[in-house]
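Chemist: would you be able to build a 3D model of this:
(chains A, B, C, D, E and F)
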There are 6 protein chains.
Amino acid sequence: MPTVVMVEYDQASSEVRAIYDEIMTVKGIDFVPNFWKTLASYPPLLEEVWRGLSRAMAPGRLDALTKEMVAVAVSATNGCTYCIRSHTAAARKLGMDDAMLGELMAVVGTFNRTNKLADGYQVPVDPQLLAATEGAAPGTRLGRRLRQNRLADRKAQRTPKTRARTPRRRS
Amino acid sequence: MPTVVMVEYDQASSEVRAIYDEIMTVKGIDFVPNFWKTLASYPPLLEEVWRGLSRAMAPGRLDALTKEMVAVAVSATNGCTYCIRSHTAAARKLGMDDAMLGELMAVVGTFNRTNKLADGYQVPVDPQLLAATEGAAPGTRLGRRLRQNRLADRKAQRTPKTRARTPRRRS
Amino acid sequence: MPTVVMVEYDQASSEVRAIYDEIMTVKGIDFVPNFWKTLASYPPLLEEVWRGLSRAMAPGRLDALTKEMVAVAVSATNGCTYCIRSHTAAARKLGMDDAMLGELMAVVGTFNRTNKLADGYQVPVDPQLLAATEGAAPGTRLGRRLRQNRLADRKAQRTPKTRARTPRRRS
Amino acid sequence: MPTVVMVEYDQASSEVRAIYDEIMTVKGIDFVPNFWKTLASYPPLLEEVWRGLSRAMAPGRLDALTKEMVAVAVSATNGCTYCIRSHTAAARKLGMDDAMLGELMAVVGTFNRTNKLADGYQVPVDPQLLAATEGAAPGTRLGRRLRQNRLADRKAQRTPKTRARTPRRRS
Amino acid sequence: MPTVVMVEYDQASSEVRAIYDEIMTVKGIDFVPNFWKTLASYPPLLEEVWRGLSRAMAPGRLDALTKEMVAVAVSATNGCTYCIRSHTAAARKLGMDDAMLGELMAVVGTFNRTNKLADGYQVPVDPQLLAATEGAAPGTRLGRRLRQNRLADRKAQRTPKTRARTPRRRS
Amino acid sequence: MPTVVMVEYDQASSEVRAIYDEIMTVKGIDFVPNFWKTLASYPPLLEEVWRGLSRAMAPGRLDALTKEMVAVAVSATNGCTYCIRSHTAAARKLGMDDAMLGELMAVVGTFNRTNKLADGYQVPVDPQLLAATEGAAPGTRLGRRLRQNRLADRKAQRTPKTRARTPRRRS
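Modeler: Alright, predicted model coming up:
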């Protein structure tokens, strides 16, 4: 049992019940998972965490299965039993079979190993990797190209409204 | 600088140089990253880690970009600077733009939050989640179906050779 | 530099600038921290994380300084340089002196030690601790009293509206 | 059961029993928790850890409840079941109700999320945050003021005894 | 620079200076490391941490080099730069060469991988492993033998003084 | 139960059974641990992880018991129940008694504490520690001597074959 009294559906306030209904609908399940019944012991936390999670997990540029597998990878790295079970179940439902889980675990295992080796030996980042990943690295070709592309994309998306007001911030 | 002397290409043994060549070819880069030059201070580690990593990252049921994004997710969860830079660079090269990285980070952030909440409140795993994720959960419909499917798959793959010898293990 | 191009105030969309303004106002600072300029590379993440953080940090039953010190404790446990600097600065501003930081670090150090000892020796939870922390532990006096108190509190808060619709969930 | 034989009170040496007695008195409980009965399998560890913990948890500039809540925050971040139960129980006893625990968990969740985002995007520390947190940052107003205040405090506390002997260390 | 003003030797109180002297003597170095000059901003923390560390690192059943290598292993797993540098330096001084560091890192890497796989797949502990590690597992041969040996050792060490007073604790 | 169906010995393919046999022989046990029966759900992972682990654990410059104790230290730091049990059992078998485990845990606890203090206070690495641990630090005596020794060792080990081919890499 958790360290608070879980809020069962029929004991919940109407606000909490509305979130429970949404959870069951979005996840396509017919029960309220213990995680949410636990957070409901402090309703603002239930609302905040559910809003954040449902936005983050909505399919976008990454599809739902990829997102569930990243959730499994993060939860395995943190060793969180509840979350591993929960997101393995979700990924299974979306089609992850044993071989896909095996490949995922191979990647998770590999980088938990190399992460500790890179830190353990205190390996410095190569200038080439910095150039390829720093948005503003000015002196390298790849960095410059990446930066230009991204600034161009951003300009294209920005609303063309006039910016009359004076910015307050100082860098 | 790392805590050992990195092995530069022209100081390396021919065995190490062969691995360096393979690394540059497989990754499509024209330099040997510091990580591998560091591991080469103990050649068996270089060989073992490179073999493992290259096998794990070869495209299979998961594509190369998905694997690199999982590598970023694990490295961000562990806070490993070198690995974050290295795999962000690799994912960028395979097409990850700012929105994809943003979605990835939203998922990474979400589950680092919920992992700690599930642990912090000591939420017990729901029987439904156990049933959906336990290979052998005998009394549930979903568990039973999943198990049967997987056993069927496995049987299909197994070589039909006779198993004459007595198993030694005891469960 | 981060792995994306940070969004400066005068390059930001009006939506992003509105969040930047709110951040500077709420935090009482005259610059936009790099963290938020980085998240703005993917505006939905900026919005989601700022909303969540500002709600969580608003003084409530815990005061602002206690919350900032918990933020330092979590960030030290995770080893996050940016966050340690950021929340140490905020806690300093709210009055944390060297002795308070010293006491905080003594607690952080102590429990990072005992956490690993409890896990390392695989210490089982005492029945008395379970009884004192499980919302529903039925057979213990402390558990029963805690549970009754909390259920009573909850009942008092619940809106007395009729619950006509049938609950869908099954425990 | 732990990976050693726990030392029960009536099997303990008189030194161990003296510590057990102190633990029960300080904590106001009538049993010796498993954690301490486990450490007693190696008495120097029992003594060292109990001394450290009891000093760190003694009310000082931070009160007992704040310290217990920081203990819960650290233990949740590390995912240590024993410690979460133990310190949730202690904080409950000192008055933490569900709303306070909810606020605490909201903060713990928030910073486990932002810690990973700051690392995942490799956000550099702002010069303003460095200035506000570095004891010796010479060129900034806030840094200079903080530094002067703290040096003044320290001078006031220092014993005015003559320092005749030559220091050995070199910075 | 750290988030406090470090206490230099000639600005330190005589109590702090006595600890600094002891640190330099025990470690055989001619400077006070930044870690200790930082903790001295809150002298009780300096004293407590130095006492604990010097006791834990004193050669006993494990020799000094083994202890320093375990310190490197823990610090690499946690990704703590300062501690990795500090204990790699100490282990080097005690004779650790590149091959020994390589073997150590191979072990560290291996178990950071398998730890996450065991958690990621939620592998249950084998009854045989429980029997071999649980001090009190009554029904297994190995458990029983281990337990008897350890109880015998303990009895041999216990002082034979009469235990007249009634124990207060209840299990 | 794990999140996959474990592969029992008599259901395993001949390749998997060959690895099972090798595991039991190398470890000197008469059962296949659940960890390996779980990895066998994706045979390439079983093979890769077993190969890596058996190489890393083979006695070399560090003996088998030291390696098992490092495994316990890493697993305790990560809080992995399965691995703690597994490697405590292995270390027990190789002679680790309660006092040795106690000393090991004292070291593990100490550095989990100091790691978080060093990070929490953002302690900068001393120039002396850098010099003593950086393979190539050119201006310091210790660094220079260490570097020369290591380069000399390396030269001695290198095969004297001609290096005719042009290196491809650029630093």
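
Chemist: how far does the helix ranked longest in chain A sit from its chain's centre?
Modeler: When chain A is parsed with DSSP state H, its longest helix is helix A:98-120. Put simply, helix A:98-120 sits 18 Å off its chain's centre (CA atoms, centre = their mean, to the nearest Å).

Chemist: contacts (any at all) between chain B and that helix?
Modeler: Yes: Helix A:98-120 is in contact with chain B by CB under 8 Å from any CB of the partner chain, via A:98-100, A:103-104, A:106-119. Placement of C-beta: from N, CA and C, glycine included.

Chemist: does that helix come close to chain C?
Modeler: No: judged by CB under 8 Å from any CB, helix A:98-120 and chain C are separated, with a smallest distance of 9.8 Å.

Chemist: just checking, what packs against the very next helix or strand once past that helix?
Modeler: Using DSSP states H and E, the helix or strand that directly follows helix A:98-120 along the chain is helix A:127-133. Using 3 or more CB pairs under 8 Å, 6 or more residues apart in numbering or on different chains; DSSP states H and E as the contact test, the elements touching helix A:127-133 are helix A:141-157, helix B:81-93.

Chemist: just checking, what packs against the last one?
Modeler: If contacts are counted by 3+ CB pairs under 8 Å, 6+ apart, helix B:81-93 sits against helix A:98-120, helix A:127-133, helix B:34-39, helix B:64-78, helix D:98-120.

Chemist: turn those into a markdown table, including distance to residue F:32.
Modeler: Listed next are the helices and strands packed on helix B:81-93 as a markdown table, based on distance: least, CB to CB, whole Å:
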| stretch | distance to residue F:32 |
| --- | --- |
| helix A:98-120 | 18 |
| helix A:127-133 | 41 |
| helix B:34-39 | 31 |
| helix B:64-78 | 28 |
| helix D:98-120 | 36 |
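
Chemist: ok, residue A:122 to residue B:49 distance?
Modeler: 16 Å (CB to CB, to the nearest Å).

Chemist: and what of residue A:89?
Modeler: For residue A:89, the distance to residue B:49 - CB to CB - is 32 Å.

Chemist: out of those two, which sits in the busier spot?
Modeler: residue A:89 (28 against 22; other CB atoms under 10 Å in any protein chain shown).

Chemist: the more buried one: what's it in contact with?
Modeler: Applying CB atoms under 8 Å, 6 or more residues apart in numbering or on different chains, we find residue A:89 in contact with B:129, B:132-133.

Chemist: in chain A, which residue is closest to the centre?
Modeler: Note on chain A: the residue nearest the mean C-alpha position is residue A:56, at 5.8 Å, using CA atoms, centre = their mean.

Chemist: can I assume it is in contact with residue B:105?
Modeler: No: using CB atoms under 8 Å as the test, residue A:56 is too far from residue B:105 to be in contact (9.3 Å).

Chemist: so which bits of chain A are right by chain F?
Modeler: A:79, A:84-85, A:88, A:98-99, A:101-103, A:105-106, A:109, A:122.

Chemist: max pairwise distance over the residues you listed: which two?
Modeler: A:98 and A:122 (37.6 Å; CB to CB).

Chemist: so residue A:84 makes contact with residue E:118?
Modeler: No: Residue A:84 is beyond contact range of residue E:118, at 11.0 Å (criterion: CB under 8 Å).

Chemist: what about chain A, any weak spots by pLDDT?
Modeler: For chain A, the stretches with pLDDT under 70 are A:135-171.

Chemist: return the residues of it in contact with chain E.
Modeler: Residues of chain A lying near chain E (CB under 8 Å from any CB): A:72, A:75-77, A:79, A:81, A:84-85, A:105, A:108-110, A:112-117, A:119-122.

Chemist: which of these are buried, as a PyMOL select command?
Modeler: Burial among the residues of chain A next to chain E is assessed by 16 or more other CB atoms under 10 Å in any protein chain shown; the matching PyMOL selection reads:
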select buried, chain A and resi 72+75+76+77+79+81+84+85+105+108+109+110+112+113+114+115+116+117+119+120+121+122
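
Chemist: how about residue A:62, secondary structure?
Modeler: coil (DSSP: H, G, I helix; E, B strand; the rest coil).

Chemist: got the contact list for the residue lying closest to it once chain neighbours are set aside?
Modeler: The shortest distance from residue A:62 to any non-neighbouring residue, by CB to CB, 6 or more residues apart in numbering or on different chains, is to residue B:103 (5.0 Å). Applying CB under 8 Å, 6+ apart, we find residue B:103 in contact with A:56, A:60-62, A:67, C:42.

Chemist: next: residue A:90.
Modeler: Counting by CB under 8 Å, 6+ apart, the residues that residue A:90 touches are A:27, A:68, A:71.

Chemist: identify all contacting residues around stretch A:22-41.
Modeler: Against stretch A:22-41 from outside (CB under 8 Å, 6+ apart): A:2, A:4-9, A:12, A:16, A:19-20, A:45-46, A:49-50, A:54, A:82, A:86, A:90, A:93, B:114, B:117-118, B:121, B:123-126, B:128-129, C:135, C:168-171, D:98, D:101-102.

Chemist: residue A:79 contacts residue F:82, doesn't it?
Modeler: No: counting by CB under 8 Å, residue A:79 stays clear of residue F:82, with 10.3 Å between them.

Chemist: if I look at those two, which residues touch both of them?
Modeler: residue E:119.

Chemist: ok, how many other residues are close to whichever residue of chain A sits closest to chain F?
Modeler: Nearest residue of chain A to chain F: residue A:102, at 2.4 Å (CB to the nearest CB). If you count neighbours by other CB under 10 Å, residue A:102 ends up with 23.

Chemist: kindly report the residues of chain A close to chain D.
Modeler: Going by CB under 8 Å from any CB, the residues of chain A near chain D are A:3-5, A:41-42, A:44-45, A:48-49, A:78-80, A:133.

Chemist: 10 Å instead?
Modeler: A:2-5, A:38-46, A:48-49, A:52, A:74, A:78-81, A:125, A:130, A:133-135, A:170-171 (CB under 10 Å from any CB of the partner chain).

Chemist: top of the contacts of residue A:90 by neighbour count?
Modeler: Busiest of these [other CB under 10 Å] is residue A:71, holding 27 neighbours.

Chemist: does that one really touch residue A:57, like I thought?
Modeler: Yes: with contacts defined as CB atoms under 10 Å, residue A:71 counts as touching residue A:57 at a distance of 7.9 Å.

Chemist: quick one on the thing from earlier: could the residues of chain A next to chain F be laid out in a markdown table, adding distance to residue D:34?
Modeler: A markdown table is the format used below for the residues of chain A next to chain F (distance: CB to CB, whole Å):
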| residue | distance to residue D:34 |
| --- | --- |
| A:79 | 21 |
| A:84 | 26 |
| A:85 | 26 |
| A:88 | 31 |
| A:98 | 38 |
| A:99 | 42 |
| A:101 | 35 |
| A:102 | 37 |
| A:103 | 40 |
| A:105 | 33 |
| A:106 | 37 |
| A:109 | 32 |
| A:122 | 38 |
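
Chemist: so which of these is the closest to chain D?
Modeler: Closest to chain D, out of all of those and judged by CB to the nearest CB, is residue A:79, at 5.8 Å.

Chemist: what sits against the nearest residue to residue A:86 once chain neighbours are set aside?
Modeler: If the residues on either side of it in the chain are set aside, residue A:86 comes closest to residue B:129, at 5.6 Å by CB to CB, 6+ apart. If a contact means CB atoms under 10 Å, 6 or more residues apart in numbering or on different chains, then residue B:129 has A:29, A:31, A:33-35, A:82, A:84-90 as its contacts.

Chemist: do that again at 8 Å, thanks
Modeler: A:33, A:82, A:85-86, A:89.
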